[in-house]
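Chemist: Quick one, structure for this:
(one chain, ligands or ions: 1)
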Amino acid sequence: MSNNIGIHDLEAATAHYVLPLDALAEAHGIDPAKFHRGLGQDRFSVPAPDEDVVTMAATAASRLLARHPEHHVRMVIFATETGVDQSKSAGVFLHGLIGLGPHVRTVEYKQACYAGTAGIQAALGHIARYPDEQVLVVASDIARYALDSSGEPTQGAGAVAMLISADPALVAIEPQSGLYTADVNDFWRPNDSSTPFVEGKLSMDAYIEATLGSWDDFTARRELKVTDVDRFIHHQPFTKMARKAHAALAAHTGVELGDELIEESMTYNRQLGNAYTASMYFGLAAQLHADTDLTGKRLGFFSYGSGAVAEFFTGVVQEGYRAHLDAAAAVKELSGREEIDYPTYRALHEGYRGASEDYDVDAVTQAPFRFTGVKDRVRHYAAR
Ligand code: HMG
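Modeler: Model prediction:
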């Protein structure tokens, strides 16, 4: 049994378009400072019609595995709350697109924004039992709220693919988690709706309660002081929410916790919007890609998914981690998005189509994989 298990490598991808929140503010007659300062968001990713969670996941995963041609992936866990089918796992579409062999366990996990963390924990268990194998965990989501709703400025889209293995190059996840589940109707998306229903204020309160609940459970099981954590990575539906959680943790523990403990983890999400399951892992990518050398430092992760489930866990940044990172690719992914105006964004939002009829989709994305349309109610994909 190996105990030194964790995130060996990671890679992020997002969607083709980006909408500046200034454009949304102007169209809605809102002071843009409400978005920039009030929510802590500047822009959000908007998928082209030929993109979805599968294409973003395949982009991130194919780039990741290209760096590991000798990989031993034995399990694929696809975490999403934007699944493309009620039965077939998005992971199976992904598996086919990136050309994995047949002898792989493939599954989709769902619990709002939390499922990526459930995927990582399952992967740790797998590697403890089979230390020579690896698990591909991909968190991929599209946060798409109703037009003109209060959640609209917190939309976004993105995927993070992670290779979980023994003796990881980036972050070794430490044993023990703090867990918290409560049945709350703060945010949900019924099967017949393409956008979620949200009780905004309740969702923020539920987030804080679950965060602190997971912390209390953790500290009841393992001796760890809040000052033993060098950086915190929070789930970031909008970056101001991470600041609120950080302040709540400081008040709860009675310890002053400076903004510098979370600041670097928020740089990507400000520009990306909410990527649900991928949000906290974009935070991890931003933190690892930042200039600060974190060798040997402990990261504290607060994962949250509405409904609600939270988990606090820790990881130690590994010696030499910087040599394994591709920060330039992540920055290019964000800066390479095509900026759109408000009417274009609105038309894209209104043009959303499910799989109830046959249609072809024009090629827009420059990413390696695209969604080509629906035939006989089957979704089709292609490499570009
Ligand atoms: P709202 O109507 O924009 O709220 O909805 P608000 O009027 O309270 O304004 C927001 C902030 O802007 C406030 O800051 C205002 O003061 C400030 P705060 O007081 O909270 O610090 N503000 C200004 N600041 C500067 N200049 C101005 C100005 N005007 C106002 N001129 C809400 C906000 C979050 C409710 C909405 O965006 C929403 O419904 N979002 C979706 C739900 C959500 O993200 N909830 C977060 C917790 S739940 C979660 O994280 C899970 C989730 O990711 C889903 C999942 O798990 O699957 C969402």
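Chemist: residues in contact with the closest residue to the ligand within the stretch 101-250 of the chain?
Modeler: Closest approach between the stretch 101-250 of the chain and the ligand, counting by Cβ to the nearest ligand atom: residue 200, at 2.6 Å. No exception for glycine: its C-beta is placed from N, CA and C like everyone else's. Neighbouring residues of residue 200 by Cβ atoms under 8 Å, 6 or more residues apart in numbering: 150-151.
Chemist: Name the single longest helix found in the protein.
Modeler: helix 200-221 (DSSP state H).
Chemist: Which neighbouring elements make contact with the following helix or strand past that one?
Modeler: The element immediately downstream of helix 200-221 (helix or strand, assigned by DSSP states H and E) is strand 231-234. Identification of packing neighbours for strand 231-234 by 3 or more Cβ pairs under 8 Å, 6 or more residues apart in numbering; DSSP states H and E yields helix 239-253, helix 279-289, strand 298-305.
Chemist: any residues touching strand 231-234, and which ones?
Modeler: For strand 231-234, the external contacting residues (Cβ under 8 Å, 6+ apart) are 211, 241-242, 245-246, 249, 257, 261-262, 264-265, 280, 283-284, 287, 294, 297-302, 304.
Chemist: Now that strand: buried residues?
Modeler: Across strand 231-234, burial judged by 16 or more other Cβ atoms under 10 Å covers 231-234.
Chemist: swap in stretch 82-89?
Modeler: For stretch 82-89, a neighbour-count test (16+ other Cβ under 10 Å) marks 82-84, 89 as buried.
Chemist: for stretch 70-80, same thing?
Modeler: Buried residues in stretch 70-80, counted by 16+ other Cβ under 10 Å: 71, 73-80.
Chemist: what is the rounded mean pLDDT of that stretch?
Modeler: Averaging pLDDT along stretch 70-80 yields 98.
Chemist: likewise stretch 261-269?
Modeler: Averaging pLDDT along stretch 261-269 gives 98.
Chemist: Contacts made by it with the rest, please.
Modeler: Contacts of stretch 261-269 (Cβ under 8 Å, 6+ apart): 12, 40, 156, 229-234, 236, 238-239, 242-243, 246, 275, 279, 282-287, 290, 292, 330, 334.
Chemist: hmm, try it at 7 Å
Modeler: Contact with stretch 261-269 is made by 231-234, 236, 239, 242, 246, 279, 282-283, 285-287, 290, 292, 330, 334, as judged by Cβ atoms under 7 Å, 6 or more residues apart in numbering.
Chemist: For the stretch 101-250 of the chain, list the residues in contact with the ligand, please.
Modeler: 112-113, 150-151, 154, 187, 198, 200, 203-204, 207, 235, 237-238, 240-241 (Cβ under 6 Å from any ligand atom).
Chemist: Now the closest residue to residue 133 other than its chain neighbours: which helix or strand?
Modeler: Distances taken as Cβ to Cβ, 6 or more residues apart in numbering place residue 74 nearest to residue 133, at 4.0 Å, with adjacent residues excluded. Residue 74 is located in strand 73-79, with elements delineated by DSSP H and E.
Chemist: and that strand with the ligand, contact?
Modeler: No: applying Cβ under 6 Å from any ligand atom, one finds strand 73-79 separated from the ligand by no less than 11.1 Å.
Chemist: tell me how far that strand is from the chain's mean position?
Modeler: Centroid separation for strand 73-79 versus its chain: 15 Å, with Cα atoms, centre = their mean, to the nearest Å.
Chemist: next one: stretch 190-208
Modeler: Using Cα atoms, centre = their mean, the offset of stretch 190-208 from its chain centre is 17 Å.
Chemist: buried stuff in that stretch?
Modeler: Under the neighbour-count criterion of 16+ other Cβ under 10 Å, stretch 190-208 has 195-196, 198, 203-204, 206-208 buried.
Chemist: Residue of this protein closest to the ligand, please.
Modeler: Across the chain, no residue is closer to the ligand than residue 38, which sits at 2.1 Å (Cβ to the nearest ligand atom).
Chemist: Distance check, that residue against residue 99.
Modeler: Distance check for residue 38 against residue 99: by Cβ to Cβ, to the nearest Å, it reads 45 Å.
Chemist: The two: which has the busier surroundings?
Modeler: Set residue 38 next to residue 99 and count neighbours by other Cβ atoms under 10 Å: residue 38 wins out with 14 against 9.
Chemist: Give me the phi and psi for residue 154.
Modeler: Main-chain torsions, residue 154, degrees, to the nearest 10: phi -100, psi 20.
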